[in-house]
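Undergrad: return atomic coordinates for the entry below.
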Amino acid sequence: MENFTPYSALIGGALIGLSAALLLFLNGRIAGISGIVGKALFPEQREDVTWRFYFLAGLLLGPLVLSLVNGTPFNFHIETSMPVLVIAGLLVGYGTSLGGGCTSGHGICGLARLSLRSIIATVVFMVIAGITVYIVRHLIGVKG
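TA: Okay, the predicted model is just below:
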């Protein structure tokens with residue numbers, strides 16, 4: 001395995017779980033990214049917007065802070081075209097509205113609350129992801 005990093009993955013997962021738990025216990029909110037973004041852009045209540053922008057700023061600034069702490073730039077490369085990214089983003093947005101939440105909302109927060117709806121959604125996400133990887137990698141032959 002090329003990028004097998006169990007310790008950083010464990011620490012990152014623990015931090016994600018801790019931040020989701022803190023948001024729920026301290027603010028009474030679920031850390032589903034699609035809901036946070038949607039209600040930041042189209043707020044139902046004015047006083048509900050500030051924490052959402054702070055949360056999103058933390059997501060965006062995290063890699064920058066990490067690269068400053070590590071002393072190495074955060075480098076990534078996307079190997080697809082802009083039209084494919086736009087279509088993928090629209091499909092994710094549609095799926096999020098269809099599924100009543102995103103993978104982070106269902107997979108992290110919903111499972112932690114033992115929500116049956118989130119358990120079913122997460123199983124569906126994982127099965128579809130596996131099928132998609134199989135089709136793309138083994139039937140179509142795209143290597144990543």
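
Undergrad: next SSE after the lowest-mean-pLDDT helix or strand in the chain?
TA: The least trusted helix or strand in the chain, going by mean pLDDT, DSSP states H and E, turns out to be helix 103-104, with a mean of 78. For helix 103-104, the succeeding helix or strand toward the C-terminus, using DSSP states H and E, is helix 111-112.

Undergrad: start to end distance for stretch 36-49?
TA: Counting by CA to CA, to the nearest Å, you get 9 Å between the two ends of stretch 36-49.

Undergrad: re the thing from before, ok, and what's touching the least confident helix or strand of the chain?
TA: Contacts with helix 103-104, where a contact means CB atoms under 8 Å, 6 or more residues apart in numbering, come from 20, 31-34, 122, 125. Heads up, the C-betas are built off the backbone N, CA and C, glycines and all.

Undergrad: now, which of these sits nearest Leu60?
TA: Distance to Leu60 across the contacts of helix 103-104 (CB to CB) is lowest for Ile33, with 11.6 Å.

Undergrad: neighbours of that closest one, how many?
TA: The number of residues packed near Ile33 is 17, by other CB atoms under 10 Å.

Undergrad: next one: the closest residue to it other than its chain neighbours from Ser67, what distance?
TA: Distances taken as CB to CB, 6 or more residues apart in numbering put Ser104 closest to Ile33, at 4.9 Å, once the chain neighbours are dropped. Applying CB to CB, to the nearest Å, the value for Ser104 to Ser67 is 23 Å.

Undergrad: give me the more crowded residue out of the two.
TA: Ser104 (18 against 13).

Undergrad: give me the phi and psi for Ile30.
TA: Main-chain dihedrals, Ile30, degrees, to the nearest 10: phi -100, psi 140.

Undergrad: list the buried residues of stretch 23-36.
TA: Applying a neighbour-count criterion of 16 or more other CB atoms under 10 Å, one finds 23, 29-36 buried in stretch 23-36.

Undergrad: widest-spaced pair of those residues?
TA: For the buried residues of stretch 23-36, the farthest-apart pair by CB to CB is Leu23 and Ser34; their separation is 14.7 Å.
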